[in-house]
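Peer 1: predicted coordinates and the sequence they were generated for:
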Amino acid sequence: MKVEHITLAYGNKNILKDTNIQIAPGEFVFLIWSSGSGKTSFIKMLIGDLKPKSWKFSIKEDKDVYAYTEKELLAYRRNIGVIFQDYKLLRSKTVRENVAFAMEVSGYKDSYIEEKIPEILSRVWLLNKKESFVETLSWGEAQRISIARALIHDPEIIIGDEPTGNLDPHNAEDIMNLLTELNKQGKTIIIATHDDRIVNRLKKRVITFKDGKITSDRENGGYEL
């Protein structure tokens, strides 16, 4: 993933100014932003939902993401799994039904869905909870369903928007252990967070933003905001 000379604005406010970021396949990267500075808008840009004012943004090849056809953009988005802070789950449905619904919306056949659900739930340690209703689960288990849904297309890139923001330290550690394991399996992990505990514990690459600029980019970094 290569972002070059990006200027991203929300209304009259510049979120990024002429910024360059390159993330290699298989990296694990934390993005640190000051509160209200636009990290969610930046994530929307990464998944193709928010167009910058100026940019060159490419994945693997030189073709710009915003020059994709609708078919190419759909394929690109299927290669990215997104995890949100608020889970975005159907709370009146079971774990299995939540994952199945996400696959149905994506156009998968019922036979394929039934085949894949046990595999996906096993990857997030929830197979034994597949018939449990979401409202009966812990917050950590609910977030693991979100990760399961992010894995339905077996994406190469997983992006988290404050995935531990609603979790206690124990559940946050479980979620980060899961994401670390997915990274070991070859997934590129990009996490926007304010959780200094996990950043300082994992010692991954840390990119810090302030006032629309990158103020630091460190391997084995810590929380510096």
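Peer 2: Looks like it arrived, so ask away. Numbering: from 1, shown residues only.
Peer 1: secondary structure class for the residue nearest the centre of the chain?
Peer 2: Centroid-nearest residue in the chain: I159, 1.6 Å away (criterion: CA atoms, centre = their mean). With DSSP: H, G, I helix; E, B strand; the rest coil as the basis, I159 sits in strand.
Peer 1: OK, contacts around it?
Peer 2: With contacts defined as CB atoms under 8 Å, 6 or more residues apart in numbering, I159 is in contact with 43, 46-47, 80-83, 190-192. C-beta: built from backbone N, CA, C; applies to glycine.
Peer 1: from these, which ones fall inside strands?
Peer 2: 80-83, 190-192 (DSSP state E).
Peer 1: just put those in a markdown table and tack on pLDDT and neighbour count.
Peer 2: Formatted as a markdown table, the ones in strands among the contacts of I159 follow (pLDDT from 0 to 100; neighbours: other CB atoms under 10 Å):
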| residue | pLDDT | neighbour count |
| --- | --- | --- |
| I80 | 91 | 21 |
| G81 | 92 | 25 |
| V82 | 90 | 22 |
| I83 | 91 | 25 |
| I190 | 95 | 23 |
| I191 | 95 | 26 |
| A192 | 92 | 23 |
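Peer 1: which one of those residues sits closest to E27?
Peer 2: Among these, I190 lies closest to E27 (CB to CB), at 8.1 Å.
Peer 1: looking at it, the closest one is touching P25, isn't it?
Peer 2: No: I190 is beyond contact range of P25, at 11.8 Å (criterion: CB atoms under 8 Å).
Peer 1: pLDDT weak spots in this protein?
Peer 2: 36-37, 54-62, 87 (pLDDT under 70).
Peer 1: all strands of it, in order?
Peer 2: Taking DSSP E as the criterion, the chain carries its strands at 2-10, 13-22, 28-33, 54-58, 80-84, 157-161, 188-192, 205-210, 213-218.
Peer 1: same list (these) but as CSV, adding distance to S146.
Peer 2: Listed next are the strands of the chain as CSV, based on distance: least, CB to CB, whole Å:
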stretch, distance to S146
strand 2-10, 25
strand 13-22, 25
strand 28-33, 18
strand 54-58, 25
strand 80-84, 5
strand 157-161, 9
strand 188-192, 13
strand 205-210, 23
strand 213-218, 28
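Peer 1: so how many other residues sit close to D86?
Peer 2: Applying the criterion other CB atoms under 10 Å, we find 12 residues in the vicinity of D86.
Peer 1: equivalent analysis for D168, please.
Peer 2: Neighbour count for D168, taken as other CB under 10 Å: 11.
Peer 1: what about it, distance to T40?
Peer 2: Applying CB to CB, to the nearest Å, the value for D168 to T40 is 23 Å.
Peer 1: equivalent analysis for R218, please.
Peer 2: According to CB to CB, R218 stands 23 Å off from T40.
Peer 1: just A150 next, same as before
Peer 2: For A150, the distance to T40 - CB to CB - is 16 Å.
Peer 1: please apply the same query to Y108.
Peer 2: From Y108 across to T40, the span is 28 Å (CB to CB).
Peer 1: go on, M1?
Peer 2: Separation of M1 from T40 (CB to CB) stands at 18 Å.
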